[in-house]
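# predicted structure and sequence below. I'll ask about it afterward.
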Amino acid sequence: MKGSMDTHMGSILVDSAVIANYAGSVALECVGVVGMAAFNVRDGFVGLLKKESMSKGITVSMDNNKMTLNLHIIVAYGCSIMAVANNVMSEVKYKVEQFTGLDVERVNVFVEGVKVVE
């Protein structure tokens, strides 16, 4: 799915992979987020994604140029899950809207695991 904007000079299309990569990098900047998670439905296994493939932990859906982002994250042990999730929601919503010029209707955060960080 692509987000689109019409200007007086023409149309701008933004691919969902671009949005997912950007949202992932914003989420990783948030305190308490260790990384993005990939869930293997067949095995029931959650894995920590590398920076190159973090967009696999994010789904972007568009409806009338309003975005819904689903982020699957892994939180650092000892951090408040509620505080981390709220911070991720607000930061991702604000920065993705600024980056794309499109409205973000919802940011859903799924905490897939907790990791002890050295």
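In hand now; what should we look at?

# grab the longest strand from the protein for me.
As assigned by DSSP state E, the longest strand anywhere in the chain is strand 103-115.

# for stretch 73-88, buried residues please.
Neighbour-count burial for stretch 73-88 flags Ile73, Ile74, Val75, Cys79, Val84, Ala85, Asn87, Val88 (criterion: 16 or more other CB atoms under 10 Å). Glycine gets a C-beta too; all of them are placed from N, C-alpha and C.

# that stretch - what's its average pLDDT?
Here stretch 73-88 scores 95 as its mean pLDDT.

# show me where this structure has its strands.
2-7, 10-15, 33-40, 45-48, 58-63, 66-76, 103-115.

# packing partners of the third one?
Same thing as strand 33-40. Helices and strands touching strand 33-40, by 3 or more CB pairs under 8 Å, 6 or more residues apart in numbering; DSSP states H and E, are helix 16-29, strand 45-48, strand 66-76, strand 103-115.

# any idea which of those gets closest to Val60?
Nearest to Val60, of all the helices and strands packed on strand 33-40, is helix 16-29, at 4.0 Å by CB to CB.

# just the CA atoms of the closest one, as CSV, please.
The C-alpha trace of helix 16-29 is given here as CSV (Å, rounded to 0.1, in the frame of the first residue of the first chain):
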residue,chain,number,x,y,z
SER,A,16,4.7,1.4,3.0
ALA,A,17,8.3,-0.1,3.2
VAL,A,18,9.7,3.4,3.5
ILE,A,19,7.3,4.2,6.2
ALA,A,20,8.0,0.9,8.0
ASN,A,21,11.8,1.5,7.9
TYR,A,22,11.4,5.0,9.3
ALA,A,23,9.0,4.0,12.0
GLY,A,24,11.3,1.2,13.0
SER,A,25,14.3,3.6,13.3
VAL,A,26,12.2,6.0,15.4
ALA,A,27,11.0,3.2,17.7
LEU,A,28,14.6,2.0,18.2
GLU,A,29,15.6,5.5,19.4
